[in-house]
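Q: Any chance you can model this:
(chains A and B)
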Amino acid sequence: MKDINELIEQRIKKLEELRQFGIEPFGGPFYAQDHASDILNKFGAYSKENLETNPSTCSLAGRIISMRDFGKAAFAHIQDITGKIQIYFKREILGEKQKLLKKLDIGDIIGLRGRLFRTKTNELTVEVEDFVLLTKSLRPLPEKWHGLRDIETRYRQRYVDLIVNPDVRKTFMKRGAIIKAIRDFLETNGFIEVETPMMQQIPGGATAKPFKTHHIALGIDLYLRIAPELFLKRLLVGGYERVYELNRNFRNEGISTKHNPEFTMLEFYVAYRDYNFLMSFTEELITYVANKTIGTLKIPYGDTMIDLTPPWPRIPMFDALIQNNFPSEILNDREKAKIWAEEHGIEIKDSVSLSKILDEIFKEIVEPQLIQPTFITDYPIELSPLAKRKSQDSNLVERFELFIASQEIANAFSELNDPIDQRERFLKQIEEKNIGDEEAQNMDEDFIRALEYGMPPAAGEGIGIDRLVMVLSNSQSIRDVILFPQLKPEQ
RNA sequence: GGGCCGCUAGCUCAGUAGGUAGAGCACCGCCCUUUUAAGGCGGGUGUGGUUGGUUCGAAUCCAACGCGGCUCACCA
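A: Residues are numbered from 1 along each chain as shown, chains lettered A, B, ... in the order given. Predicted coordinates for the structure are as follows:
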């Protein structure tokens, strides 16, 4: 941060000179009446003559992002949250104040009022009648054509990325719109938003390694939540019928283009429904969000087009395997399945169960092909300790995952509400943990106690918001949809 | 964590038989009242990621380390 160079020194000098003129370079409030894009939209149809005969004034606040100074006149563009607009400084109008332009730099934030006109090239422009410096910028912005390309700097200094890369702004605006649309949809369908603990004594509700922290006054270790699931289901016991939480989860895993240690998850629960209901509901939710935020169900992703038009195929997991040439006769044969996997280049650890082997094979041979939205249903019970068994086959659970663009977007199931079965499943997890599965789930006695009071039959779902935003914004890396992705410390 | 690639001016990038570095934009000075990659004249502003090594001499060759990207592993 101490890399004071000549460019910064020059700007500090200008700042001091401005103070000598009695101008405060870090000013107070400025109540602009307008925004750049609003003006462009509102007056876009007004001709040059029109603007001359009906003078229209405006006031704006924003950052100077370019400057073309002629001495007695100057053009600049200023940028606000909506976009940019050209402004024109003219000595005839500003008088002595025109000289202040010498002390302004690209990057400074100003407030101004002026009159709209069109230039020779017909660009709608604000002729500045008065302006005030609101903030002096001491660091030079990246140059105007190539902008800021360096990925590391873009992530570390997202503020600069946002100033100079309009697409980045758009993506994060879209992210905000997507989240708002999700809330709108859930609220209109009778869901109530809640907040449950992020710091948990027993991390549960997912298979993942947690972050550990410590509470000094209580003298206990706490874990950042890996999922809100067990608390949301306690709320079903408490009487909530439709409930959701849209917030951060934390998982102590590697970082990649698809994983950030903290990520945003929507979890929602519906009493008196099952996973079949949720599949239809998910189609409605995602198509609502897509229509609302991008206005179409046919969206580009990488070099393919994704068509979100429902209904989406619903394929049982085992069928999906068989359709991809996995021999159905060895679905129940751990040894042969393991051999098949290894013959297809999939590494399998010795201790791993049949279900996990099938899951590995699925990830390897099926998942990459699930470009268009697809529900994969009916997972093996060992993979789903919180899900309800299928009545026709007690080795399977009523669960689905939604895949789009080869990514798992949603995971949902009919919730297990039998406290006795739940206790057995937890005990099974503890066995797994003892064998060495770091991610196996923990016993949560209070959760079982809650179930013992009676949880209505219910279905619950988690949607990975970052990944959904990736798909809807055609982003190839999760870091492009998280404002401040986790990075190693700078030096 | 493994493999591969990258790190040179504020930004985007050049620069190998090894001879202490260059372009555009930005910036500084002067000129210019409709420009928009404004233009004209003049100016290079640098801890070459860091630390060592080889060498008379290193941005360049070697090693270690740091950070980033891609990829594999793990997951959502």
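Q: Residue A:409 and RNA strand B, how far apart?
A: 7 Å (CB to the nearest atom of the strand, to the nearest Å). (Glycine included, C-beta is placed from N, CA and C.)
Q: Tell me how many other residues crowd the closest residue to that residue other than its chain neighbours.
A: In space, and not counting its chain neighbours, residue A:409 is closest to residue A:402: 4.9 Å by CB to CB, 6 or more residues apart in numbering. Per other CB atoms under 10 Å, the neighbour tally for residue A:402 reads 26.
Q: So what sits opposite residue A:402 in the bridge?
A: Residue A:402 forms beta bridges with residue A:375, residue A:410, as assigned by DSSP bridges.
Q: again with residue A:89
A: residue A:74.
Q: got the contact list for it?
A: Residue A:89 is in contact with A:73-76, A:98, A:101, A:128, A:131, counting by CB atoms under 8 Å, 6 or more residues apart in numbering.
Q: cool, and residue A:119?
A: By CB under 8 Å, 6+ apart, the contact list for residue A:119 reads A:86, A:88, A:125.
Q: pretty sure the residue nearest to residue A:409 contacts residue A:283?
A: No: Residue A:402 is not in contact with residue A:283 according to CB atoms under 8 Å; the separation is 9.1 Å.
Q: Now the common contact residues for these two.
A: Among the neighbours of residue A:402, those also in contact with residue A:283 (CB under 8 Å, 6+ apart) are residue A:312.
Q: So which residues of the stretch 1-150 of chain A form strands?
A: Here the stretch 1-150 of chain A has its strands, by DSSP state E, counting those that start in this stretch, at A:57-69, A:73-80, A:83-90, A:109-118, A:124-135.
Q: excluding its backbone neighbours, what's nearest residue A:144?
A: Spatial nearest neighbour of residue A:144, excluding adjacent residues (CB to CB, 6+ apart): residue A:66 at 6.2 Å.
Q: Count the residues that sit near that neighbour.
A: Residue A:66: 14 neighbours (other CB under 10 Å).
Q: residues in the stretch 351-491 of chain A within reach of RNA strand B, list them.
A: A:360, A:407-409, A:411, A:439, A:464, A:466-467, A:476-479, A:485, A:487-491 (CB under 7 Å from any atom of the strand).
Q: Filter those down to just the buried residues.
A: For these, a burial check counting by 16 or more other CB atoms under 10 Å picks out A:360, A:407-409, A:411, A:439, A:464, A:466-467, A:478-479, A:485.
Q: Please flag which of the residues you listed sit within helices.
A: In this view, these that belong to helices under DSSP state H are A:360, A:466-467.
Q: Out of these, which comes closest to residue A:219?
A: Residue A:219 lies nearest to residue A:466 out of those, by CB to CB, at 34.9 Å.
Q: Get me the contact residues on the stretch 201-350 of chain A for RNA strand B.
A: So the stretch 201-350 of chain A meets RNA strand B at A:206-208, A:251, A:253-254, A:256-261, A:263, A:347 (CB under 7 Å from any atom of the strand).
Q: As a markdown table, the residues you listed with neighbour count and secondary structure would be great.
A: Conversion of these to a markdown table gives the following (neighbours: other CB atoms under 10 Å; DSSP: H, G, I helix; E, B strand; the rest coil):
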| residue | neighbour count | secondary structure |
| --- | --- | --- |
| A:206 | 20 | coil |
| A:207 | 19 | coil |
| A:208 | 16 | coil |
| A:251 | 22 | coil |
| A:253 | 13 | coil |
| A:254 | 7 | coil |
| A:256 | 10 | strand |
| A:257 | 12 | coil |
| A:258 | 17 | coil |
| A:259 | 14 | strand |
| A:260 | 21 | coil |
| A:261 | 16 | coil |
| A:263 | 18 | strand |
| A:347 | 9 | coil |
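Q: Dump those to CSV, plus distance to residue A:198.
A: Shown next, in CSV, are these (distance: CB to CB, whole Å):
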residue, distance to residue A:198
A:206, 14
A:207, 19
A:208, 14
A:251, 13
A:253, 17
A:254, 21
A:256, 23
A:257, 25
A:258, 22
A:259, 19
A:260, 16
A:261, 13
A:263, 13
A:347, 35
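Q: now, among those residues, which is nearest to residue A:279?
A: residue A:206 (20.7 Å).
Q: And for the closest one, nearest residue in space, chain neighbours not counted?
A: Leaving aside its sequence neighbours, residue A:206 sits nearest to residue A:227 (CB to CB, 6+ apart; 4.0 Å).
Q: Settle this for me: the one you found is touching residue A:200, isn't it.
A: No: between residue A:227 and residue A:200 there is no contact, the gap being 9.5 Å when judged by CB under 8 Å.
Q: Pull up the overlap in contacts between the two.
A: With CB under 8 Å, 6+ apart, residue A:227 and residue A:200 have no common neighbours.
Q: neighbour-wise, which of those two wins?
A: residue A:227 (26 against 21).
Q: Residue ranges in chain A under the pLDDT threshold?
A: A:1-4, A:491 (pLDDT under 70).
Q: domains for it, by residue range?
A: According to automatic domain parsing, chain A comprises the domains A:4-141, A:162-324+A:366-480.
Q: Distance from the chain centre to the last one, please.
A: This points to domain A:162-324+A:366-480. Domain A:162-324+A:366-480 has its C-alpha centroid displaced from the chain centroid by 14 Å (CA atoms, centre = their mean, to the nearest Å).
Q: How about the first one?
A: Shown here is domain A:4-141, whose average C-alpha point lies 34 Å from the average C-alpha point of the whole chain (CA atoms, centre = their mean).
Q: Enumerate the positions of the host helix or strand of residue A:337 that are buried.
A: Per DSSP states H and E, residue A:337 falls inside helix A:334-343. For helix A:334-343, burial by neighbour count (16+ other CB under 10 Å) applies to A:334, A:337-338, A:340-341.
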